[in-house]
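S.K.: Sequence first, predicted coordinates after that:
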Amino acid sequence: MKRSEINAIIRDTDEFIRRHCFHLPPFAYWTPDEWAAKGPEVREIVDHMLGWDITDFGLGDFANKGLFLFTIRNGDPANLKSGKGKLYAEKLLIAGVEQITPFHFHWLKTEDIINRGGGKLAVQVYNATPDEGLADTDVVVNTDGWVRTVAAGSVIVLSPGESITLLPYCYHSFWGLEETVLVGEVSTVNDDNTDNRFYEPIGRFPEIEEDEAPLYLLVNDYDRYYKPA
């Protein structure tokens, strides 16, 4: 992805978020120069990958296969073993109309995907086979406390206010219907480096062509700009 494309997405999505009366934390708007002046007091933001996250999954077609994310809070995976500290994560996502997030599951993370507003959100689900393929078995899903069984490959459509709980080893893909969707994600600790199993051989983070300066840093930019003494 070109940096100019990423900057334009940030501007557009920030406006979309504000229209839905949602507000991001202050660090969302730190400039690269401000990041360069930060010290160890903001280490948690970097270590836990909080912030802007825009990906085309390495496919070069963000409009059709891409996702905007902003990680608001996140614990350390080690906390899950100790049972102490932040055991949770929260993200904001934006799913465009027919903009597909490809099939993937998580080995460890359980997550609620919530339609916070806008259009409807389509979520397609499969169980994973023992060798991590797509199973043809029925899938047990929980939507806002309603436990039900659906056929493999079913598409659950969430209207604003509705949510679905996705357990480990449940393949899922999602996209917006009719209008762009403001999506919330509440989960156990998130680890985007080791806990994503994509069905197709794709990447989690994009390759970036630096055709202009960053407006704000992505989570995968921190190492270049944040150099605490």
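M.R.: Yes, it's here.

S.K.: residue ranges of the helices in the protein, please?
M.R.: 3-19, 32-36, 43-47, 77-82, 222-225 (DSSP state H).

S.K.: Send me the first one as CSV with only the CA atoms.
M.R.: Output for helix 3-19, consisting of C-alpha atoms alone and laid out as CSV, is shown next (Å, rounded to 0.1, in the frame of the first residue of the first chain):
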residue,chain,number,x,y,z
ARG,A,3,1.5,5.8,2.4
SER,A,4,-0.6,8.4,0.7
GLU,A,5,-3.4,5.8,0.5
ILE,A,6,-3.0,4.9,4.1
ASN,A,7,-3.1,8.6,5.1
ALA,A,8,-6.3,9.1,3.1
ILE,A,9,-7.9,6.1,4.8
ILE,A,10,-7.0,7.5,8.2
ARG,A,11,-8.6,10.9,7.4
ASP,A,12,-11.8,9.3,6.0
THR,A,13,-12.2,6.7,8.8
ASP,A,14,-11.5,9.3,11.5
GLU,A,15,-14.3,11.4,10.1
PHE,A,16,-16.6,8.3,10.0
ILE,A,17,-15.8,7.4,13.6
ARG,A,18,-16.6,10.9,14.8
ARG,A,19,-19.9,11.0,12.9
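
S.K.: Just the buried positions in that helix, please.
M.R.: Arg3, Glu5, Ile6, Asn7, Ile9, Ile10, Thr13, Asp14, Phe16, Ile17 (16 or more other Cβ atoms under 10 Å). Where C-beta positions appear, they are placed from N, C-alpha and C, glycine not excepted.

S.K.: ok, now which ones touch the first one?
M.R.: With Cβ atoms under 8 Å, 6 or more residues apart in numbering as the criterion, the residues that contact Arg3 are Ile208, Glu209, Glu210, Asp211, Glu212, Ala213, Pro214.

S.K.: Show me which strand runs longest in the chain.
M.R.: strand 170-188 (DSSP state E).

S.K.: thinking again about what came up before, got a ChimeraX select line for the buried ones in the contacts of Arg3?
M.R.: Burial among these is assessed by 16+ other Cβ under 10 Å; the matching ChimeraX selection reads:
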select :208,214
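
S.K.: Just put the contacts of Arg3 in TSV and tack on distance to Leu67 and pLDDT.
M.R.: Output for the contacts of Arg3, formatted as TSV (distance: Cβ to Cβ, whole Å; pLDDT from 0 to 100):
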residue	distance to Leu67	pLDDT
Ile208	16	94
Glu209	19	95
Glu210	21	96
Asp211	22	97
Glu212	22	97
Ala213	23	96
Pro214	19	97
